[in-house]
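Trainee: Sequence and predicted structure below; questions after.
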Amino acid sequence: MELTKKINKFAERMWLVIAILSTLAVFVFRFMDGEFNKYYILLVPFTWGIFLVRRGLRIRLNKATSTKDPKK
């Protein structure tokens, strides 16, 4: 179970970094490019959504393991 927690923590951090970088990239592309592809804007909510789902899964996993094993 410890390995699963580490993997979830890594995945959550990875998606946080991806979400931040995609947000910055969209703003940079938006202000530097005259012709901006409007579909780039969809990248931002998708990456933040995946990050929030990963975070919710991690929190739910922590609650489930803490109720099963009260010694920890």
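Mentor: Alright, I've got the coordinates.

Trainee: shouldn't residue 61 be in contact with residue 2?
Mentor: No: Residue 61 sits out of contact with residue 2 when judged by CB atoms under 8 Å, with a separation of 11.5 Å. C-beta: built from backbone N, CA, C; applies to glycine.

Trainee: out of those two, which sits in the busier spot?
Mentor: A direct count of neighbours by other CB atoms under 10 Å for residue 61 and residue 2 places residue 61 higher, at 14 against 7.

Trainee: Which residues are in contact with the more buried one?
Mentor: By CB atoms under 8 Å, 6 or more residues apart in numbering, the contact set of residue 61 is 4, 5, 8.

Trainee: Tell me which of those residues fall in helices.
Mentor: Of the positions in the contacts of residue 61, 4, 5, 8 sit in helices, assigned by DSSP state H.

Trainee: As a markdown table, these with neighbour count and distance to residue 38 would be great.
Mentor: A markdown table is the format used below for the ones in helices among the contacts of residue 61 (neighbours: other CB atoms under 10 Å; distance: CB to CB, whole Å):
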| residue | neighbour count | distance to residue 38 |
| --- | --- | --- |
| 4 | 11 | 39 |
| 5 | 13 | 39 |
| 8 | 18 | 34 |
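
Trainee: if we can go back for a sec, okay if I get the contacts of residue 61 as JSON lines plus pLDDT and distance to residue 48?
Mentor: Converted to JSON lines, the contacts of residue 61 look like this (pLDDT from 0 to 100; distance: CB to CB, whole Å):
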{"residue": "4", "pLDDT": "84", "distance to residue 48": "24"}
{"residue": "5", "pLDDT": "84", "distance to residue 48": "23"}
{"residue": "8", "pLDDT": "88", "distance to residue 48": "18"}
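
Trainee: Before I go, just wanted to say thanks for your time.
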